[in-house]
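Novice: the following comprises the amino acid sequence and a computationally predicted model.
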Amino acid sequence: MKFNNRFIRNLLTGSIAAMLSTTVIAADIEPAVVFDMGGKFDKSFNQGVYDGVERFKGETGLAYREFEVTNEAQREQALRRMAQRGANPVLGIGFAQAPALEKVAKEFPDTNFAIIDMVVDLPNVRSIVFKEHEGSFLVGAMAAMASESGKVGFIGGMDIPLIRRFACGYEQGAKYVNENAEVVQNMTGTTPAAWNDPGRGGELTKSQFERGVDVVYAAAGGTGVGVYQAAKDAGKLAIGVDSNQNYLQPGTMLTSMLKRVDIAAYNVFMDAKNDAFTPGIQVLGLAEEGVGWSLDEHNESLVSDDMKSKVEEISNMIKAGDIQVHDYMSDNDCKVAG
Amino acid sequence: MDSLLNAQTVLSTLDATLRVSTPLILCAMAGLFSERSGIIDISLEGKMLSAAFAAGTLAAITGSAWIALAGAIVTSILLSLLHGFACITNRGDQVVSGLAINVLASGLTIVLGIAWFSQGGQTPALASDARFMPFELPLIESIAQIPFAGPFMQSVISGHNLLVYVALFAVPITWWVVYKTRFGLQLRAVGENPLAVDTAGISVSRLRYKAVMTAGILCGIAGTYLAIAQNAAFAREMTAGQGYIALAAMIFGKWRPVPALLACLMFGFLDAVSIRLQGVALPGIGEVPVQIIQALPYVLTVVLLAGFIGKAVAPKAIGVPFVKER
């Protein structure tokens, strides 16, 4: 009886070990992504991530788990649920997920996590942040070149340091091209609802147009849709953000400030698949092609050759370090030279 | 700063005031009908949100703003009937029922929106011909030649979409219905003393149902305005508490149409001003932080309510289910 028992137990453990090893040999990672408020089709930040993970799925045939949070309380729950179900790596999107991700990453030290737009300093977390100020500098320069009134506008979403970083880079870029450029700045609000308030975005845009602005840059998530609509209605120019948003209002979108969250998300999953996942902080700027500006069939008529070459020149100078773009988040202050 | 007080800025602020006040005015009139009949209606928010979703959805599918408007009104009326069924027929708690409708609308619009359009709860962006677009009033070019009043007419009154004018006309019509018609008299009576109305041989339930359905129509128009006139798509939670603000404005106006209109315009004006004051250096004060500007409408509301308006007297029978004596 005793022998029998042990035999069975050995048999069982053996077969379980065998089963486990086969799953390991199949080596298929089970990646997961938790989108933030706004949803994966926000035509902006989250959608960029969606494009990246979809590309991963298309190339590798590996499915991924996903969740779209619809209120603040779900973030931690969603991340923990993913980790519990054995997903690895777990990718969190957006600065707001940082506290939740930090907590969950500590609970699951053997699971790899990644977060975009915020730094979580843990041994199993990869933090990816972007130099939005560099990309914003470029579109700021373009705005100032395209503007006839010398006044350009900025509309932020929620008033947080990250968005001020966009604003600060934009202002520096505009003033680099035109010393006398005036930059009118507005924030939509101080709560997360500010990411999804196209009505208010439109009103802010109209008020900026009344103040003489003729190019407006929105870094405001879903609120931006209202900004672009208002620009189209008024026949003025708008600049998109994060994803390439030129197609939203062809003809009045000057360009979009690209933040290649798609590449960042794709790399997280791909590195995990290739067993090359590394924790730590990745800072993606112009030199790393993490940020940039978009040119496609929807805006090519708006971007003159002069403008194009000037932007390329500025871009190269930033890459070479000849232009130092001040980062608002380094000292929570925006000093604009010139 | 130099341009802060010039005529153009003042006119454009007033212009924006009308745009922002429109949903408030419609909802305040809706609340007025409902509450004058004795039914508390905190579900203005939910009805407006559902109507906005219906309008955004129908405009995206059919491409017709008018079908969208009709669908939005029907949706809103259905919710009104639900509210009526809960608190008129079944004598439920009116606040609880209203709150339930708000929660239902908030969740359902997002779920349906994600299920149908997969755009994170938004409806697809609309082309211009599926929306109510701004238009200039006829003869406005010649009216604009009149000194003072002309530019005011041209920049403030003209150049809105149809629903803005509907909202403005809703106020005198509401006044006329409530004060000058038989229905209005019965409505006011049923909110003050339903027993007397019942004794006179008039059905309290039927009157109250009529009142909440009227409220539904007005909320439907307000929602349509948000989704396909002011904006070009439904976005989740796009009402952003405006239903509650309208309710407050209506109480502020002591359940009377014209004072309620003024209260709505005041809220709209403060909102428009707060948008324009952002990032502008005020003479002698300097640049005021965004947060203070944005809190301004609410602070002023509290101050005005506490200090200047005086006692607001609600219809006597409000919130009390009517039990017919046997």
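Specialist: Alright, I've got the coordinates.
Novice: low-confidence ranges in chain A?
Specialist: A:1-27, A:336-338 (pLDDT under 70).
Novice: by proximity to chain B, which residue of it wins?
Specialist: A:Gly39 (2.1 Å; C-beta to the nearest C-beta). Heads up, the C-betas are built off the backbone N, CA and C, glycines and all.
Novice: chain A contacts on chain B?
Specialist: Residues of chain B lying near chain A by C-beta under 8 Å from any C-beta of the partner chain: B:3, B:8-9, B:12, B:16, B:19-20, B:110, B:114, B:118-122, B:125, B:226, B:230-233, B:235-238, B:240, B:272, B:275-276, B:278-279, B:290-291, B:294.
Novice: just give the nearest non-adjacent residue to B:Gly56, would you?
Specialist: B:Phe234 (2.9 Å; C-beta to C-beta, 6 or more residues apart in numbering or on different chains).
Novice: how many neighbours does that neighbour have?
Specialist: 30 (other C-beta atoms under 10 Å in any protein chain shown).
Novice: just checking: what are the partner strands of the strand or helix carrying A:Glu66?
Specialist: Following DSSP states H and E, one finds A:Glu66 within strand A:65-68. For strand A:65-68, the paired strands and their directions (DSSP bridges) are strand A:32-35 (parallel).
Novice: quick one: contacts of the partner strand?
Specialist: Contact partners of strand A:32-35, identified using C-beta atoms under 8 Å, 6 or more residues apart in numbering or on different chains, comprise A:46, A:49-50, A:53, A:64-69, A:75, A:78-79, A:82, A:85, A:87-93, A:97, A:265.
Novice: now the nearest residue to B:Trp176 once chain neighbours are set aside: which helix or strand?
Specialist: Distances taken as C-beta to C-beta, 6+ apart place B:Gly184 nearest to B:Trp176, at 7.9 Å, with adjacent residues excluded. Element membership of B:Gly184, judged by DSSP H and E, is helix B:182-192.
Novice: for the next helix or strand after that helix, packing partners?
Specialist: Note on helix B:182-192: by DSSP H and E, the next helix or strand toward the C-terminus is helix B:194-199. Counting contacts by 3 or more C-beta pairs under 8 Å, 6 or more residues apart in numbering or on different chains; DSSP states H and E, helix B:194-199 packs against helix B:182-192, helix B:204-224.
Novice: quick check: which of the ones you listed is buried the most?
Specialist: helix B:204-224 (a mean of 26; mean count of other C-beta atoms under 10 Å in any protein chain shown).
Novice: state whether A:Ile155 is indeed within a strand.
Specialist: Yes. Counting by DSSP: H, G, I helix; E, B strand; the rest coil, A:Ile155 is part of a strand.
Novice: excluding its backbone neighbours, what's nearest it?
Specialist: In space, A:Ile155 is closest to A:Ala218, 4.7 Å off (C-beta to C-beta, 6+ apart).
Novice: okay, now the one you found: neighbour count?
Specialist: 32.
Novice: residues in contact with it?
Specialist: Applying C-beta under 8 Å, 6+ apart, the residues near A:Ala218 are A:154-156, A:201, A:205, A:224, A:227-228, A:238-241.
Novice: after the helix or strand harbouring it, which helix or strand is next?
Specialist: If you go by DSSP H and E, A:Ala218 is part of strand A:215-219. In the C-terminal direction, the helix or strand that comes right after strand A:215-219 (DSSP H and E) is helix A:224-234.
Novice: can you name the residues of the stretch 101-250 of chain A that neighbour chain B?
Specialist: So the stretch 101-250 of chain A meets chain B at A:159, A:184-187, A:189-190, A:193, A:196-200, A:202-204, A:206-207, A:210-211, A:222, A:225-226, A:229, A:248 (C-beta under 8 Å from any C-beta).
Novice: SS state for the residue nearest to A:Val139 when sequence neighbours are not counted?
Specialist: Closest residue to A:Val139 apart from its sequence neighbours, by C-beta to C-beta, 6+ apart: A:Met257 at 4.6 Å. Of the three states, A:Met257 takes strand according to three-state DSSP.
Novice: for B:Ala240, see how far away A:Met257 is.
Specialist: 27 Å (C-beta to C-beta, to the nearest Å).
Novice: how far away is the residue nearest to A:Ile155 from A:Leu204?
Specialist: Taken as C-beta to C-beta, the span from A:Ala218 to A:Leu204 is 9 Å.
Novice: of all the contacts of A:Ala218, which two lie farthest apart?
Specialist: Largest separation among the contacts of A:Ala218 by C-beta to C-beta: A:Gly156 and A:Tyr228, giving 14.9 Å.
Novice: pretty sure the residue nearest to B:Trp176 contacts B:Ile173?
Specialist: No. Using C-beta atoms under 8 Å, B:Gly184 is not in contact with B:Ile173, being 10.9 Å away.
Novice: my read is that B:Ile228 contacts B:Asp129, right?
Specialist: No. Taking contacts as C-beta under 8 Å, B:Ile228 lies outside contact range of B:Asp129: 11.0 Å.
Novice: with neighbour numbers in mind, choose between these two.
Specialist: B:Ile228 (29 against 10).
Novice: now that one, what's its secondary structure?
Specialist: Note that with three-state DSSP, the state of B:Ile228 is helix.
Novice: list the contacts of it.
Specialist: B:Ile228 touches B:55-56, B:59, B:65, B:68, B:126, B:130-132, counting by C-beta under 8 Å, 6+ apart.
Novice: helices - which of these land there?
Specialist: Counted as lying in helices by DSSP state H, out of the contacts of B:Ile228, are B:55-56, B:59, B:65, B:68.
Novice: got a winner among those for most neighbours?
Specialist: Neighbour max across the ones in helices among the contacts of B:Ile228 (other C-beta under 10 Å) = B:Ala55, 35 neighbours.
Novice: list the contacts for that residue?
Specialist: Applying C-beta under 8 Å, 6+ apart, the residues contacting B:Ala55 are B:68-69, B:71-72, B:223-224, B:227-228, B:234.
Novice: max-length helix in chain B?
Specialist: Chain B, longest helix under DSSP H: helix B:7-36.
Novice: any idea of the mean pLDDT for that helix?
Specialist: Throughout helix B:7-36, pLDDT has a mean value of 91.
Novice: how distant is it from the center of its chain?
Specialist: Remark: helix B:7-36 is offset 8 Å from the chain centroid, using C-alpha atoms, centre = their mean, to the nearest Å.
Novice: give me phi/psi at A:Lys236?
Specialist: Phi and psi for A:Lys236, reported as degrees, to the nearest 10, are phi -110, psi 180.
Novice: apart from its neighbours in sequence, what residue is nearest it?
Specialist: Using C-beta to C-beta, 6+ apart, the closest residue to A:Lys236 is A:Asp214 (5.0 Å).
Novice: residue contacts, the one you found?
Specialist: A:146-149, A:151-152, A:236-237.
Novice: repeat for A:Asp36
Specialist: A:45-46, A:69, A:75, A:92-94, A:96-97.
Novice: give me the subset of the residues of the stretch 101-250 of chain A next to chain B lying in helices.
Specialist: Per DSSP H, these map to helices at A:198-200, A:202-204, A:206-207, A:210, A:225-226, A:229.
Novice: ok, so of those residues, who is nearest A:Glu59?
Specialist: A:Val225 (30.3 Å).
Novice: isn't the closest one up against A:Lys43?
Specialist: Yes. Counting by C-beta under 8 Å, A:Val225 does reach A:Lys43; the two are 6.9 Å apart.
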